[in-house]
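K.L.:
A structural model of the following input is requested.
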Amino acid sequence: MSTLRTSKEWAINRILLCLDKRPSHGYELLEALPDELSDLRLTTLYRWLHSMEEEGYVESEMQPGPHGPERRIYSLGPRGEGKLRDVLKDAIETILHFYDAYRYSASEHLFDILDNSDPRLVNGRKLYVPIPWLRRRDTDFVEYLAKRNKNGPIDILGDTSLLCGLDVKFREMKGSFDDIPLPNDKLAEIWIHGNPRPDIIPRMFTEAKRVLKNEGVLRFVAPYAYLNEPKRPTLEEFIRVTSVHLLPDLGVVEGTEIARLLSDMFGHAGALQTLPGLVVFWAVKTSR
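P.N.:
Predicted coordinates for the structure are as follows:
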């Protein structure tokens, strides 16, 4: 049990998963554990269970056995559910990480779609807002925006050290998504790219509207968003609903809510789903 996969932390998580399915006594639990824990001794298991009970992850009580003396039955404790939720969060975060990489490799036509969809190019100053920060794979997006700006300089909010050596003109801008250091009515286009927490999105849109000029366009490229309502109890829908409602800091958002928010704030707004889970929301600032 020296490998990472059979570490004590991993083993404890498997114990909690087993107890979540069914309360068990020591022998039952030992039999229910996966093959990777086949060399786990019963004395070691009981020692771990004792520590886990002290920490509130499991609880136990004496119950009559089917053929005689009482035996101690273990079940999931009050802190055990929270620990399993952390395991679920780590698992979904890992899935989203690899799904994002897969979707990125499959979205080579995204820029063509953007060039040929409404609203069209607005001439003027452009701001790129990567959230939570600029990543190496975002450099393609920076190059696209520079080309869209006729190779003129674009503004980028946040650290731009990754762009050293890139053949594009840009200006690094300090500040944050809800405190852009520009006066009102200054920008022609704002491109927000990433997965912000749902609770910050209204402030983000409000600030974007402030600095956009009349007829300026806000685009929000959301890696984890869906426009259709959940319909079937599939694995994809489970990940989506769980992320939105139980793990909001992962940045998965319900596209219908974002579209409704933009429509209420800007009036003229819409959305385009380019790939499953990759949605480009847009809104035009008007003088209404």
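K.L.:
For the stretch 1-150 of the chain, just list every one of the helices.
P.N.:
For the stretch 1-150 of the chain, applying DSSP state H, counting those that start in this stretch gives helices covering 8-21, 26-32, 42-54, 80-106, 110-115, 139-148.
K.L.:
Can you mark which positions in the fifth one are buried?
P.N.:
The reference is to helix 110-115. Leu110, Phe111, Leu114 (16 or more other Cβ atoms under 10 Å). Using the backbone N, CA and C atoms, a C-beta is placed for each residue, glycine as well.
K.L.:
rewinding a little: among the helices of the stretch 1-150 of the chain, which is nearest Ile239?
P.N.:
helix 80-106 (5.7 Å; Cβ to Cβ).
K.L.:
Quick one: mean pLDDT over that closest one.
P.N.:
In this model, helix 80-106 has an average pLDDT of 83.
K.L.:
Go through that helix and flag the buried ones.
P.N.:
Going by neighbour count (16+ other Cβ under 10 Å), the buried part of helix 80-106 is Gly80, Lys83, Leu84, Val87, Lys89, Ile92, Leu96, Tyr99, Asp100, Arg103, Tyr104.
K.L.:
okay if I get those as JSON lines plus distance to Lys213?
P.N.:
Below are the buried residues of helix 80-106 laid out as JSON lines (distance: Cβ to Cβ, whole Å):
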{"residue": "Gly80", "distance to Lys213": "54"}
{"residue": "Lys83", "distance to Lys213": "50"}
{"residue": "Leu84", "distance to Lys213": "50"}
{"residue": "Val87", "distance to Lys213": "48"}
{"residue": "Lys89", "distance to Lys213": "41"}
{"residue": "Ile92", "distance to Lys213": "40"}
{"residue": "Leu96", "distance to Lys213": "35"}
{"residue": "Tyr99", "distance to Lys213": "36"}
{"residue": "Asp100", "distance to Lys213": "32"}
{"residue": "Arg103", "distance to Lys213": "32"}
{"residue": "Tyr104", "distance to Lys213": "31"}
